[in-house]
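# pasting the sequence and the predicted coordinates here, then a few questions.
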2 protein chains.
Amino acid sequence: MHKINLSKFQVATNETVRDINSRIMLNLVRRHQPVSRADLMRYSGLQRSTVSVIAGRLIADRWLREGAVGNLPRGRRPTFLHLNPERCGVIGVDVQPARTTLAVSNMESQFSALESMPTARDPSEFVARLSHRITDLIRAHPKKSYEGIGISLPGRIEVGSERLIFAPTLGWSELDLKTPIERETGLPVKLENAANACALAELWSGQHIDGVNNLVAVTVSDDISVGMILNGQLVRGSTGVAGEFGHVSQVLDGPKCRCGNSGCWEMLASNAAAVRYYAESASVPKGAIGSKSDMATVPFGDILRLVEQGDPRACKALNQMAHHLGIGIAMLVTGLAPDVLMVVGEVTRVWDKVGPIVGEAVKRRSFTHAVTRIVPAGSEVQSRLRGTVALVLQKHFSAPSIA
Amino acid sequence: MHKINLSKFQVATNETVRDINSRIMLNLVRRHQPVSRADLMRYSGLQRSTVSVIAGRLIADRWLREGAVGNLPRGRRPTFLHLNPERCGVIGVDVQPARTTLAVSNMESQFSALESMPTARDPSEFVARLSHRITDLIRAHPKKSYEGIGISLPGRIEVGSERLIFAPTLGWSELDLKTPIERETGLPVKLENAANACALAELWSGQHIDGVNNLVAVTVSDDISVGMILNGQLVRGSTGVAGEFGHVSQVLDGPKCRCGNSGCWEMLASNAAAVRYYAESASVPKGAIGSKSDMATVPFGDILRLVEQGDPRACKALNQMAHHLGIGIAMLVTGLAPDVLMVVGEVTRVWDKVGPIVGEAVKRRSFTHAVTRIVPAGSEVQSRLRGTVALVLQKHFSAPSIA
DNA sequence: GTCGGTTTGTTCGAGCTCCGAACTTTATGC
DNA sequence: GCATAAAGTTCGGAGCTCGAACAAACCGAC
């Protein structure tokens, strides 16, 4: 039940009815495929005749395909319908500070190609190289129709201008990625924050999310970012910058953050924080056992390996990180009470160790802990890429923006 | 753009079109009244004929009324349309721990009666007395049609069961208020958390909120509660308990809260916190100047009076409260980036002193501070009561729940 | 006083959509 | 071979908006 926005609304026509019901049908097929027209009639409540007409049109538009014929104890055999996964191709791009991954996907987030390249430091060089790679990919994987390019970025996209803003880990200032890439490739480009992309991925192609309408994704890398889906809808705030809970103080007088605040959650619970904890634990006990007083930073990946090998110093650093991660997650659980909170990042590799610590912190600090399932994401890159596919295709599957 | 919820959707029929367009018309009249059919045609983009038909039906249903005839330099004079504020009566109820306020309202949140009673300690006694008062009110103020009863409560309402849960300041455990009051009065009852009610009030009858779709209300009394409207829609989380940012730790090892957590925002920035700060400032410097070592608690209202009189101890306590209020608000600004954040509570009486401190904290701690306007609410009781009216009437003015 | 120009508001047929009943198609079992 | 049953199609009816034509109401110039 949302207020009608009088500065951008759309009146309804007869075609609106068809549009709404077509989308419902498309979603019902997606959910229940393979499925007969008769079953769609029962799921939707529409008349048999109406279902037939809509199905016919969706088949003509190549959204659906008729498949096998079913078997029933009595009566005429039903013709099953299913999605045509090749209806739309999507180019998914996952930009991370070190590397950028590209994928060719069909409508069901099945990737037919996956490749990566280093992320160029210079923004304009990056745009040029990325555009090149995309055109090459399209040439190498010709499809009937590419629907668009979805790009996940460690930054926020300004509502309206669609420009990249606040991307500290990339070191880029405000930047228009959309226009040049659209010009070079000839395809529409959609940009989204990585955490938002993960949330979208979970919403549209997640595992156990039937009827889940409130979902939060927390991405943990060298920063922490939050993507929120509330009431079945991405929350971007008035400017697109909503979700920066990573820059909320967890310790009021904690370490200074580049955002200007002190003791930010991401200063205490990001990969970088674990690296710092590990380094500090070496220096504090001066005559340490290992006598390695090398203050050279150990990469987070190495710390994870050490944890897997049972190294106590690494475990301690990881535990500190997990503790603070849990406190921040408790904030989100208390404040947003989502059905699902998904953690995305390398840290999920050792979730058997991190999960219980996070769970304990949430249980102690959030009296609403029972409503939220906290789950680790399978693969970060896959999550973000599935998110870019959802980003491009959601306009066909979501409710039409009525009124 | 929201996902279609396959467990509760509604297919579209021809009437859906009429429904959508009627609601748009109703909102356009509300926004621009008095307004002619010809102007409505221009605002909506619908055909003149369609506007006439819809207007005719809305007049027949008593939503609109024809009013004066306008004057134009040329041509036929337009007949102005305006809302019929007496179309629906609403009983608004604001339950606070000490007192409960009742109001009779018309469709435009104009109150024709306002009265209050002590809030009974015992829930069942409370229900009985409230029902009585409501029936008396209805008898004393007969209207063509009462649309329903809206009740604002310092607690959360469980989604689905519509029961009151988590109402610590009232001291009531889980409770069904809806059923008995509906039975006694014969009117439908809608319950909502006070902070959510304030957010709804601001959304539907606020001052400067054209096009504002992201709005947060923070209620500050003996607890702190948050109501969120994101994407033009109330956020209740999966169970109805979303918004309890008051129970997020601000100081990890701070004072123990009854919720089980430590250093909760509301332990540091609520009215009760200011009362505690004031009491502590008397005891800490042992040979204090005033030599009043009375640890008896001074009510928050008295502290505000002392602040208005310039009492330094009271000012210091208030400043501490304001400082922590600002830190919590910075969390909301950073995480949700709303257009407007409204503060509701007695503390707004001294907003000239509190506002700058809050603003400073937000500026220092939230790099997104520029997107959010932080405003004090005029009157708490009025805010909550207007919210209850919006609560009851929003189903007629909001977009239909399509798909 | 009348007539052209202008704007508001109404009327009515066309086109689209869903509904619902009747019909066709295709299967099983006696 | 016939009754029964289920899937899917056909077609007239009703509701809605669109768009053009029409009626109403007003101003100012001649």
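The structure has been received and is ready for your questions.

# of all residues in the stretch 301-403 of chain A, which one is closest to chain B?
Residue nearest to chain B within the stretch 301-403 of chain A (Cβ to the nearest Cβ): residue A:337, separated by 3.2 Å. C-betas here are computed from N, CA, C, even on glycine.

# how about that residue, phi and psi?
phi 50, psi 50 (degrees, to the nearest 10).

# do the same with the one 4 residues further on
In this entry, residue A:341 is assigned phi and psi values of phi -120, psi 120 (degrees, to the nearest 10).

# residues from the stretch 51-200 of chain A in reach of chain B?
residue A:166 (Cβ under 8 Å from any Cβ of the partner chain).

# so where do the strands sit in the stretch 51-200 of chain A?
A:64-69, A:79-83, A:89-95, A:99-105, A:111-118, A:146-153, A:156-157, A:164-165, A:189-193 (DSSP state E, counting those that start in this stretch).

# now those strands in a markdown table, with mean neighbour count and mean pLDDT?
A markdown table is the format used below for these (neighbours: other Cβ atoms under 10 Å in any protein chain shown; pLDDT from 0 to 100):
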| stretch | mean neighbour count | mean pLDDT |
| --- | --- | --- |
| strand A:64-69 | 15 | 88 |
| strand A:79-83 | 19 | 94 |
| strand A:89-95 | 26 | 96 |
| strand A:99-105 | 21 | 95 |
| strand A:111-118 | 13 | 94 |
| strand A:146-153 | 26 | 96 |
| strand A:156-157 | 26 | 94 |
| strand A:164-165 | 21 | 92 |
| strand A:189-193 | 26 | 96 |
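
# how about TSV for those, with distance to DNA strand C added?
Output for the strands of the stretch 51-200 of chain A, formatted as TSV (distance: least, Cβ to the nearest atom of the strand, whole Å):
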stretch	distance to DNA strand C
strand A:64-69	7
strand A:79-83	10
strand A:89-95	27
strand A:99-105	30
strand A:111-118	34
strand A:146-153	22
strand A:156-157	34
strand A:164-165	39
strand A:189-193	27
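
# for DNA strand D, which of the ones you listed is the nearest?
Closest of these to DNA strand D is strand A:79-83, at 3.7 Å (criterion: Cβ to the nearest atom of the strand).

# who does the nearest residue to residue A:175 once chain neighbours are set aside bridge with?
Once flanking residues are discounted, residue A:175 sits nearest to residue A:164: 4.6 Å by Cβ to Cβ, 6 or more residues apart in numbering or on different chains. Counting by DSSP bridges, residue A:164 forms beta bridges with residue A:157, residue A:175.

# any idea how far residue A:164 lies from residue A:181?
Noted for residue A:164: a distance of 12 Å to residue A:181, by Cβ to Cβ, to the nearest Å.

# then residue A:29?
32 Å.

# re earlier: need the pLDDT of the closest residue to the residue of the stretch 301-403 of chain A closest to chain B other than its chain neighbours.
Spatially, and ignoring its direct neighbours in sequence, residue A:337 is nearest to residue B:237 (3.2 Å; Cβ to Cβ, 6+ apart). Residue B:237 is assigned 93 on the pLDDT scale.

# where in chain A is pLDDT low?
In the predicted model of chain A, residues A:208, A:283-296 satisfy pLDDT under 70.

# what does it put close to DNA strand D?
Within chain A, the positions near DNA strand D by Cβ under 7 Å from any atom of the strand are A:11-14, A:36-39, A:48-49, A:52-53, A:55-56, A:72, A:74-79.

# buried sites along the longest helix anywhere in chain A?
For chain A, the longest helix by residue count, based on DSSP state H, is helix A:312-336. Neighbour counts using 16 or more other Cβ atoms under 10 Å in any protein chain shown place A:313-315, A:317-336 of helix A:312-336 among the buried residues.

# which neighbouring elements make contact with it?
strand A:215-220, strand A:224-230, helix A:265-269, helix A:271-283, helix A:300-308, strand A:340-344, helix A:351-365 (3 or more Cβ pairs under 8 Å, 6 or more residues apart in numbering or on different chains; DSSP states H and E).

# what parts of the stretch 1-150 of chain A come near DNA strand C?
A:14-15, A:17-18, A:21, A:45-50, A:53-54, A:69, A:73-77.

# which of the residues you listed count as buried?
Buried among those (16+ other Cβ under 10 Å): A:17, A:21, A:46, A:50, A:54.

# now, which of the residues you listed lie within helices?
Those of those lying in helices (DSSP H): A:17, A:21, A:50, A:54.

# could you count how many residues lie near the residue of the stretch 151-300 of chain A found nearest chain B?
Closest residue of the stretch 151-300 of chain A to chain B, Cβ to the nearest Cβ: residue A:237 (3.2 Å). Look at residue A:237: counted by other Cβ atoms under 10 Å in any protein chain shown, it has 25 neighbours.

# am I right that it sits in a helix?
No: counting by DSSP: H, G, I helix; E, B strand; the rest coil, residue A:237 is not part of a helix but coil.

# that one against residue B:334, yeah?
No: at 10.2 Å, residue A:237 and residue B:334 do not qualify as touching, with contact defined as Cβ atoms under 8 Å.

# not counting residues beside it along the chain, what's closest to residue A:254?
residue A:263 (2.3 Å).

# identify the bridge partners of residue A:218.
With DSSP bridges as the rule, residue A:218 is bridged to residue A:226, residue A:343.

# how far off centre is stretch A:240-254?
20 Å (Cα atoms, centre = their mean, to the nearest Å).

# so how far is residue A:39 from the residue of chain A found nearest DNA strand D?
Closest contact between chain A and DNA strand D, by Cβ to the nearest atom of the strand, is at residue A:75 (2.5 Å). Shown here: residue A:75 relative to residue A:39, a distance of 13 Å by Cβ to Cβ.

# before we move on, what about residue A:277?
Residue A:277 is 55 Å from residue A:39, by Cβ to Cβ.

# picking that back up, tell me, how many residues neighbour the residue of the stretch 301-403 of chain A closest to chain B?
29.

# wait, what's in contact with it?
A:214, A:368, A:371, A:372, B:237, B:238, B:239, B:240, B:241, B:242, B:243, B:244 (Cβ atoms under 8 Å, 6 or more residues apart in numbering or on different chains).

# over to residue A:129?
Counted by Cβ under 8 Å, 6+ apart, residue A:129 has contacts A:117, A:120.

# gap between it and DNA strand C?
To DNA strand C, residue A:129 is 44 Å away according to Cβ to the nearest atom of the strand, to the nearest Å.

# out of the contacts of residue A:337, which are close to DNA strand C?
Checked against DNA strand C using Cβ under 7 Å from any atom of the strand, these yield no neighbours at all.

# would you mind checking those for buried ones?
A:214, A:368, A:371, A:372, B:237, B:238, B:239, B:240, B:241, B:242, B:243, B:244.

# okay if I get those as JSON lines plus distance to residue B:356?
Output for those, formatted as JSON lines (distance: Cβ to Cβ, whole Å):
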{"residue": "A:214", "distance to residue B:356": "36"}
{"residue": "A:368", "distance to residue B:356": "33"}
{"residue": "A:371", "distance to residue B:356": "38"}
{"residue": "A:372", "distance to residue B:356": "37"}
{"residue": "B:237", "distance to residue B:356": "33"}
{"residue": "B:238", "distance to residue B:356": "38"}
{"residue": "B:239", "distance to residue B:356": "38"}
{"residue": "B:240", "distance to residue B:356": "35"}
{"residue": "B:241", "distance to residue B:356": "33"}
{"residue": "B:242", "distance to residue B:356": "30"}
{"residue": "B:243", "distance to residue B:356": "26"}
{"residue": "B:244", "distance to residue B:356": "28"}
